[in-house]
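Asks: Here is a sequence with its predicted model. Questions after.
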Amino acid sequence: MKQTLLIFYIVMSPLLVNAQCEDSIKQNKDWKFAAGVTLYSNNHYVWNENLIERQPLEFNFRYKIKQHHVLRLSVPISWKVNKAGEPEFPTPRYPMGEVTLEDYLETLHDQDRVYAIYYKMLQFYETVYGASLGYDYNYSLDKYLSLFAGIDFAYNKWQVDAKYYTIDYNGLNENGESALRGIAATNLRHGRIGYSMKPLMGLRLNFQKLLLEASLGYMAIKSDFFYHLYGSTIGNGGIIYDTNLYGKDSFVVKYFMYNFSLYYTF
């Protein structure tokens with residue numbers, strides 16, 4: 001009886017070890033849902049130059065439909081970020097508090113234009129928001145590593161809002177006198193909307209409950225530029241003028257994009 005049990009144990013041991021290994025691999029790889037954040041990326045969202053003052057925090061979600069099929073979702077989470085510097089103006093402008101009114105008026109002698117503008121910035125901030133949805137095919141290379149290839153489609157919007165008022169003077173005459181042309185309160189909103197498609201491939205490293213994902217893709221973006229300027233101006237004669245201007249343009253940009261993300265799996 002003991003010999004029979006010993007033979008049975010010897011025969012079954014490899015099968016039991018193999019089953020335990022399969023259970024271990026299954027425990028390590030069989031995730032259904034993953035949630036994480038982007039650690040590093042060169043995603044510009046709407047343009048091939050980084051217009052963003054601070055890269056937004058990007059949340060990523062992965063849902064495994066079956067062993068090889070994965071749905072992808074990424075959402076940039078951006079709050080209002082104060083931008084450094086000042087917006088570009090088509091005419092010479094001087095910020096209040098950095099240049100005195102007397103110095104400002106004196107500089108009008110040296111301007112190529114007949115007037116310049118003295119301004120005060122009230123707010124100047126940006127936001128980025130949107131979403132990316134895609135699919136990839138996941139192929140396991142070993143217990144911890146897998147290869148994937150897929151495609152993402154995204155909609156993103158980058159927007160800058162500025163509010164400021166300006167004092168507009170004529171150039172000085174021979175007697176050093178300058179006439180006030182007007183005082184204006186202005187709101188400016190401009191930005192870009194990006195519609196993008198990104199074929200990609202990458203690697204996933206899965207250990208315990210953590211999943212590290214690295215990918216490289218080729219981003220093609222149709223970017224729409226827009227602006228909206230509106231405000232009111234009190235002229236020299238006390239007359240109020242309202243301004244309401246719109247504008248837009250479109251173009252296509254392409255570049256290689258890389259991305260590193262960390263997830264917790266469920």
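Replies: Perfect, I can see it now. Numbering: from 1, shown residues only.
Asks: Longest strand in the protein, please.
Replies: In the chain, with assignment by DSSP state E, the single longest strand is strand 180-207.
Asks: Relative to that strand, what are the paired strands and their orientations?
Replies: strand 145-170 (antiparallel), strand 210-235 (antiparallel) (DSSP bridges).
Asks: how about those, which one is nearest residue 191?
Replies: Residue 191 lies closest to strand 145-170 among those, at 3.7 Å (Cβ to Cβ). (Each C-beta comes from the backbone N, C-alpha and C, glycine too.)
Asks: In that closest one, which of the residues would be classed as buried?
Replies: Counting neighbours by 16 or more other Cβ atoms under 10 Å, one finds that the buried residues in strand 145-170 are 146, 148, 150, 152, 154, 156-169.
Asks: re earlier: which residues in the longest strand of the chain does the neighbour count mark as buried?
Replies: For strand 180-207, by 16+ other Cβ under 10 Å, it's 181-182, 184, 186-188, 190-196, 198, 200, 202, 204, 206.
Asks: Tell me how many other residues crowd residue 77.
Replies: 11 (other Cβ atoms under 10 Å).
Asks: leaving aside the residues next to it on the chain, what's closest to it?
Replies: Among residues not flanking residue 77 along the chain, residue 57 sits closest, at 4.8 Å (Cβ to Cβ, 6 or more residues apart in numbering).
Asks: Distance of the one you found relative to residue 70?
Replies: 22 Å (Cβ to Cβ, to the nearest Å).
Asks: Neighbour count: these two, which is higher?
Replies: Applying other Cβ under 10 Å to residue 57 and residue 70 shows that residue 70 carries more neighbours, namely 21 against 12.
Asks: Identify all contacting residues around the one helix or strand that one maps to.
Replies: Per DSSP states H and E: residue 70 is located in strand 69-77. Strand 69-77 is touched from outside by 38, 45, 56-65, 128-138, 148, 150, 152, 154, 156, with contacts defined as Cβ atoms under 8 Å, 6 or more residues apart in numbering.
Asks: Now list the buried members of these.
Replies: Taking 16+ other Cβ under 10 Å as the criterion, what is buried in those is 38, 45, 56, 58, 60, 62, 64, 128-130, 132, 134, 136, 138, 148, 150, 152, 154, 156.
Asks: who's in contact with the closest residue to residue 235 other than its chain neighbours?
Replies: Once flanking residues are discounted, residue 235 sits nearest to residue 182: 4.7 Å by Cβ to Cβ, 6+ apart. Residue 182 makes contacts with 168, 233, 234, 235, 236, 241, as judged by Cβ under 8 Å, 6+ apart.
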